[in-house]
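Chemist: no letters, just coordinates:
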């Protein structure tokens with residue numbers, strides 16, 4: 001239910017308060033698929049079944065989100081996991097799923113990771129005031145600049161569970177944040193978009209769960225753990241046993257280049 005005095009509607013003159021944001025914070029953010037591949041990514045790996053001796057040679061994938069090849073695979077995998085988790089939370093806890101974007105105002109200056117964390121804590125408070133019971137907050141460090149997503153503009157995409165979320169653009173003046181309800185959360189492409197442009201940065205979690213859907217309040221199901229784990233197991237097509245990784249082959253020459261232990265990758 002709407003809390004009296006918590007937020008105010010914004011007029012036409014303030015409509016671009018969030019979209020015209022100009023922030024100045026340390027570079028180093030990457031988007032999925034716009035970094036370097038992980039070690040051994042693209043090389044051929046030999047798997048042997050410890051039960052029947054069957055051999056499979058498969059292409060190794062690092063599944064790092066910044067990898068140009070594995071980035072889209074990581075986005076899809078995590079989007080499937082996120083969708084499963086939120087839909088399970090809806091079934092268990094009740095309520096409706098919403099897609100919300102929250103942005104700091106145009107005069108904010110963000111210089112460090114700690115500043116980002118401070119604004120994220122404000123986002124949690126705004127979401128609770130707006131009626132969200134829990135969900136996931138994803139940091140987006142850049143805005144769309146003709147499809148390039150190179151214009152700096154910190155904002156937060158939030159996929160939340162709640163009975164009611166304020167419609168339209170809303171200013172939370174105490175927290176100095178603008179909330180925009182994009183609409184109901186219905187389609188897989190919404191999850192994919194949110195993760196496709198999520199900020200990737202060492203030392204800072206770009207994806208965090210909060211409230212009733214946080215992991216300490218709502219543990220992951222076995223199905224979510226399997227999906228989130230990346231599906232790294234190779235199963236023997238003959239006997240169904242889990243196969244063991246033994247060798248890595250050069251992608252071009254197909255020659256054995258070095259022996260690796262099972263736990264060296266992944």
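Modeler: Great, that's in hand. Quantities reported herein were computed from a predicted structural model and do not represent experimental measurements. Numbering: from 1, shown residues only.
Chemist: so residue 207 touches residue 120, yeah?
Modeler: No: Residue 207 is beyond contact range of residue 120, at 11.0 Å (criterion: Cβ atoms under 8 Å). The C-beta positions use only the backbone N, C-alpha and C, and glycine is treated the same way.
Chemist: between the two, which contacts overlap?
Modeler: 137, 139 (Cβ atoms under 8 Å, 6 or more residues apart in numbering).
Chemist: wait, is residue 156 part of a strand?
Modeler: Yes: Residue 156 sits within a strand when classified using DSSP: H, G, I helix; E, B strand; the rest coil.
Chemist: list the contacts of it.
Modeler: So residue 156 contacts 101, 102, 103, 119, 120, 123, 137, 138, 139, 140 (Cβ under 8 Å, 6+ apart).
Chemist: for residue 138, same thing?
Modeler: 156, 157, 158, 159, 194, 195, 198, 206, 207.
Chemist: can you give me the helices for the stretch 1-150 of the chain?
Modeler: 70-93, 113-130 (DSSP state H, counting those that start in this stretch).
Chemist: which strands or helices does the first one pack on?
Modeler: Helices and strands touching helix 70-93, as assessed by 3 or more Cβ pairs under 8 Å, 6 or more residues apart in numbering; DSSP states H and E, comprise strand 96-103, strand 132-143, strand 151-162, helix 188-196, helix 222-228.
Chemist: need the residues that contact it.
Modeler: 32-35, 37-38, 41, 61-65, 67, 96-97, 133-136, 159, 161, 185, 188, 191-192, 194-196, 207, 212-213, 218, 220-221, 223-224, 227-228, 230-231.
Chemist: how about a cut-off of 6 Å?
Modeler: 32-33, 61-65, 97, 161, 191-192, 195-196, 212-213, 218, 224, 227-228 (Cβ atoms under 6 Å, 6 or more residues apart in numbering).
Chemist: ditto for the last one
Modeler: Taking contacts as Cβ under 6 Å, 6+ apart, the residues outside helix 113-130 that touch it are 6, 102, 104, 137, 156, 160, 165-166, 172, 175, 177, 179, 204, 210.
Chemist: and the angle for that helix with strand 96-103?
Modeler: Helix 113-130 and strand 96-103 are oriented at 140 degrees to each other (axes from the mean of the first three to the mean of the last three Cα atoms, to 10 degrees).
Chemist: what comes up buried for helix 113-130?
Modeler: 115, 116, 119, 120, 122, 123, 124, 126, 127, 128, 129, 130 (16 or more other Cβ atoms under 10 Å).
Chemist: ok, back up a step: ranking the contacts of helix 113-130 by neighbours, who comes first?
Modeler: residue 160 (28 neighbours; other Cβ atoms under 10 Å).
Chemist: pull the number of nearby residues for the residue nearest to it when sequence neighbours are not counted.
Modeler: Distance criterion Cβ to Cβ, 6 or more residues apart in numbering; nearest residue to residue 160, sequence neighbours excluded, is residue 135 at 3.3 Å. A count of nearby residues for residue 135, using other Cβ under 10 Å, gives 28.
Chemist: ok, residue 135 - contacts?
Modeler: Residues near residue 135 by Cβ under 6 Å, 6+ apart: 159, 160, 161, 213.
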